[in-house]
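With the sequence up front, the predicted model follows.
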Amino acid sequence: MLKGPSGANWAFEGFKVMTEMRLLIADGTPVPLTSKAFDALVVLIENRDRVVTKDELLRSVWPDVDVEEGNLTQQVFLLRKALGESAQQPRCIVTVPGHGYRFTARVNPLPEDVAAPATPSNGDAARPAAQGRGSMFSATGLAGFGVSALLATVLGLGWISLNKAAVPLDFTRHITRITESGKAGLSAISRDGRYVAYVENDGDQYSLWVKQVGTEAKTQVVSRQPLQLGFSTFAPDGKHIYFTRRSARGPMGILSRIPVLGGLETLILDDVDSPVSFSPDGREFVFQRGTAEGPTIVVAAAGGGSQRTLTTLKSPLRFGFFAPDWSPDGKVVAAVVFDASNNSRSIVLLPVDGGSGRELYRTNSGIGRLRWLPDGSGLLTVISEGTDRRAFAGVSGGAIWRIEYPGGRAERLTSDLANHDPCCLDIGANGGVVANAVNTLVSDLFIASADRLDTLRPLTSDHPVVGRHSWLPDNDTMVYRDLRGRLNAVRKDSRAFSLPVPDGQDVAGGVSACGDGRYVVFSAMPGKNIWRVAPNAGGAVKLTSGFLDFNPACSPDGKWVYYASRPTQEASVSLWRVSIEGGTPAPLEVFSSYDVLPSPTGRLIYYATDWVEKGADRNRPDRWEVISSSDHTRLFAVDVTGDATGGMMTRWAPDESGLDYVVTRNGVSNIWRQPLTGGPPVQITRFSMGRIFSFAWSPDGRWLSLAMGAYRSDIVLMSSEP
């Protein structure tokens, strides 16, 4: 008889399993693991005295739904990857052919009160280097937490004075899980610490929930809908939640208010580009807005009535993406300023009465949302360490830091092993309640033959595959980058090797193999330009030198590289091409486009654009357009379908009959095709689980490769006290 979960905690082979918190921990660090893989692990450990059949695992892990055996195979693959083993070289899980699996590692029970991972504070660590910014509905917001994020809410048991620098704080000593859906993100916590608000993302539907801390009571306050929900903020009196929603007519944010436990929704203000932060008396709030004059910080009445501009910046300065924060004494607003001339970030203090501001802290790293400590002794924020390659994968993050006020001394409060999201830091009125997101990505490369797209075979397991990947013309080798900014290659038989990258450069995205097989091109940082490298001989060469060059695509004949570029700091983004041998780039006269790809034969060029012709609706969706590569005549145009997964690059069908793109519904991604002859899209794949992060057809059209996995998002409570 299959044993049910006992709620016990176990240790084995250097791992700890915390069943109540649903955590797998290695060396004090949570290990990325999908919910179903964790369930399978628990069942195997509970029944380690015998072989667990596949049918038993299917019934235990998916008790209320009939699923195919391939779903179990994929979850066991992910579990083995997390444990550092494979089916060929098992350490803990042995396959019994024709029957099922047996857990063979020696397991030791742990005390019920064992603490969750505790990592030492690093005190005053070196100040890190810079990270890029996002947008309200982009990777460090809703579109990105659809990939596997672990959202954390940090709950202290009382006020601990952060002025005592000799006593380092550690916000990872005690963890309690709040949600188990794997889809929760963008949390906020009420000032009294009683309620946590969060958004659930089903891949194509969004809803806002409130859960009472310490109980199982939760309420859906905004029902599921296709319009993306953004950041939320509790009103100071704790009676309402202010939240943003993407407008149905474009990317503009709309601010609304709703009672904490649900009720009538009230529209407060439109054109809101950040979370809001309230004044101490709750009568006003401050937020960011993009204007024709430049990025602006606006102060508005709590009901959305009167508005006034606090300050506006001019290029090369702009405000960081995340919200400004009102100080506890009501005198200043803290904001992040990005200086494009030297790639630095600063925390600046802006007097509410309109006086001169001053800089508190400067770094070359990304700075996340700022939150004042209630006693005014400093601010908490997330700072990314080093050149954060994760920002290019939609998995941005870093450590939680305290910036002392008024001196500006920086002190790291969490270990850099945790990948805290910069978007969602929040803090309660007593200073012991902090909300934050910790991101984790599970993404591996799989392959399927074109005539058996339902049968996937894994190719990688050692590091996540991120961004666009590409096939070499041998129809056998795929090239891709990982989270560490390395350029890798893997063959269909899983043999892998690395490609050389210039010293001091990291691959930032846009990996594209040239059709003649001589070179692979990619965008790199620092410098944000396009490079080429020979797959076998190395010899990296820089091809462009614009202010920002990205999304390169090499032509099928290997002679040209197409790419999107912001050639100067003041210029808009447009499309260009440059010879594979280098030289002077030439514009395509296509503006406001961020993605370009020549067709397999090179006769056509696809690009995506948000360009609006004079007199047209400026809030219309983005468009996919196809032009002739010879004379740039427009041949096809279609509005981007509303269910296309944001942030995913479009691909050509192997026979050039249409454009392939990703649709994610209920957390599962599939590939659809928009025919160039017009008519409705056609579904190409029918996967029942997994998120697609990139895909590519082999040059002969006989193989489909996919970077697939999951972002996991769950709310947990974390405390600095045991």
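Happy to help now that I have it.

now the strands for the stretch 451-600 of the chain?
Ranges of strands in the stretch 451-600 of the chain, per DSSP state E, counting those that start in this stretch, are 457-458, 465-471, 477-482, 487-491, 496-499, 506-513, 520-525, 529-534, 538-542, 548-554, 560-566, 574-579, 586-591, 593-598.

any chance of those strands in CSV, plus distance to F12 and mean pLDDT?
Every C-beta, even on glycine, is put in place using the N, C-alpha and C of the backbone. Shown next, in CSV, are the strands of the stretch 451-600 of the chain (distance: least, CB to CB, whole Å; pLDDT from 0 to 100):
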stretch, distance to F12, mean pLDDT
strand 457-458, 24, 88
strand 465-471, 29, 85
strand 477-482, 28, 90
strand 487-491, 30, 89
strand 496-499, 29, 86
strand 506-513, 36, 86
strand 520-525, 40, 88
strand 529-534, 43, 90
strand 538-542, 43, 82
strand 548-554, 45, 90
strand 560-566, 49, 91
strand 574-579, 54, 91
strand 586-591, 57, 80
strand 593-598, 46, 86
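
Turn these into TSV, columns for mean neighbour count.
What follows is the strands of the stretch 451-600 of the chain, written out as TSV (neighbours: other CB atoms under 10 Å):
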stretch	mean neighbour count
strand 457-458	14
strand 465-471	24
strand 477-482	24
strand 487-491	20
strand 496-499	14
strand 506-513	25
strand 520-525	26
strand 529-534	23
strand 538-542	14
strand 548-554	25
strand 560-566	24
strand 574-579	20
strand 586-591	14
strand 593-598	21
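
Can you convert those strands into CSV and add a column each for distance to G354?
Below are those laid out as CSV (distance: least, CB to CB, whole Å):
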stretch, distance to G354
strand 457-458, 59
strand 465-471, 44
strand 477-482, 47
strand 487-491, 50
strand 496-499, 54
strand 506-513, 40
strand 520-525, 38
strand 529-534, 41
strand 538-542, 46
strand 548-554, 34
strand 560-566, 33
strand 574-579, 38
strand 586-591, 38
strand 593-598, 37
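
For the stretch 51-200 of the chain, which segments are assigned as strands?
Ranges of strands in the stretch 51-200 of the chain, per DSSP E, counting those that start in this stretch, are 52-53, 93-96, 100-103, 108-110, 149-155, 174-177, 184-189, 195-201.

rank those strands by pLDDT, which is bottom?
Ranked by mean pLDDT, the strands of the stretch 51-200 of the chain bottom out at strand 149-155, with a mean of 26.

all helices for this structure, in order.
Ranges of helices in the chain, per DSSP state H, are 35-46, 54-61, 69-82, 142-145.

Buried deepest among these, which one?
helix 142-145 (a mean of 24; mean count of other CB atoms under 10 Å).

Could you give the average pLDDT over that one?
What helix 142-145 shows for mean pLDDT is 32.

Ok, which of the helices of the chain comes nearest P280?
Counting by CB to CB, P280 lies closest to helix 142-145 out of the helices of the chain; the figure is 29.4 Å.

on that earlier part again, could I get the helices of the chain as a markdown table with distance to V662?
Shown next, in a markdown table, are the helices of the chain (distance: least, CB to CB, whole Å):
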| stretch | distance to V662 |
| --- | --- |
| helix 35-46 | 21 |
| helix 54-61 | 26 |
| helix 69-82 | 18 |
| helix 142-145 | 12 |
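
mind listing what F319 touches?
By CB atoms under 8 Å, 6 or more residues apart in numbering, the residues touching F319 are 288, 295, 297, 313, 335-338.

closest to R369 out of the strands of the stretch 51-200 of the chain?
Ranking the strands of the stretch 51-200 of the chain by proximity to R369 (CB to CB) places strand 184-189 first, at 10.7 Å.

strands paired with that closest one, and their directions?
strand 195-201 (antiparallel) (DSSP bridges).

thinking again about what came up before, keep only those of the contacts of F319 that are in strands.
Taking DSSP state E, the ones among these that sit in strands are 288, 295, 297, 335-338.

which of the residues you listed has the most neighbours?
Within these, most neighbours by other CB atoms under 10 Å means A335, with 28 neighbours.

if you skip the residues just before and after it, what's nearest to that one?
P324 (4.0 Å; CB to CB, 6 or more residues apart in numbering).

Likewise for E69?
The shortest distance from E69 to any non-neighbouring residue, by CB to CB, 6+ apart, is to K54 (6.1 Å).
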